[in-house]
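Peer 1: what's the 3D shape of this:
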Amino acid sequence: MKTLLILLMSTFLIPPANNIYQFSFTSIDGKAIHLSQFKGKKLLLVNTASKCGFTPQYKELEELSKKFGDKLVVIGFPANNFGSQEPGSNDDIKSFCEANYGVTFLLAEKSSVKGDDINPLFSYLTQAKNPDFTGDIKWNFEKFLIDEQGNLIHRYRSAVKPLSPEITSQL
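Peer 2: Take a look at the predicted model:
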């Protein structure tokens, strides 16, 4: 599938993305969101799941969003790629996040962050240069920190908590 996409892109001369502002997604409420609307703020993009050992990180993500909301946008991307830990519908996911963790930060509709049906944004993010690492997402709650110009500046594995100094020192 990736090879076909690359072939199609080169055939139609679609330039490769050079930052995340060329991407958009659908919110959990069904609204189109263009990442370019967040220019000038940092972004923390997180693949999430409701039935994971890391699910309590929703609480810290909400705290991070409230604490740094003037300069940071947190966006959760629910995905069912790891251990079928996000089996619910968009409505189920939204209700769960609000009821259990008081989530008010932006959530995307459920999508794939790995495999043949990977969300194009995550295809880009897992290949983008950064000082940490590249390659497939290993588990739920990996985090991608984007600078104010739309560039990936850090990537964190699941065990790095949202309020950890590794993240907050970058904000």
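Peer 1: burial check on Ser84, number of neighbours?
Peer 2: When neighbours are counted by other C-beta atoms under 10 Å, Ser84 registers 9. All C-beta spots, glycine's among them, are computed from the backbone N, C-alpha and C.
Peer 1: that one and Val160, how far apart?
Peer 2: Noted for Ser84: a distance of 24 Å to Val160, by C-beta to C-beta, to the nearest Å.
Peer 1: so where do the helices sit in the protein?
Peer 2: In the chain, the helices defined using DSSP state H lie at 2-11, 57-68, 90-101, 120-127, 165-168.
Peer 1: so which of those comes closest to Leu35?
Peer 2: In terms of C-beta to C-beta, the element of those nearest to Leu35 is helix 120-127, at 7.7 Å.
Peer 1: tell me the mean pLDDT over stretch 119-132?
Peer 2: Mean pLDDT, stretch 119-132: 95.
Peer 1: go through it and flag the buried ones.
Peer 2: Residues Asn119, Leu121, Phe122, Ser123, Tyr124, Leu125, Thr126, Ala128 are the ones in stretch 119-132 that count as buried (16 or more other C-beta atoms under 10 Å).
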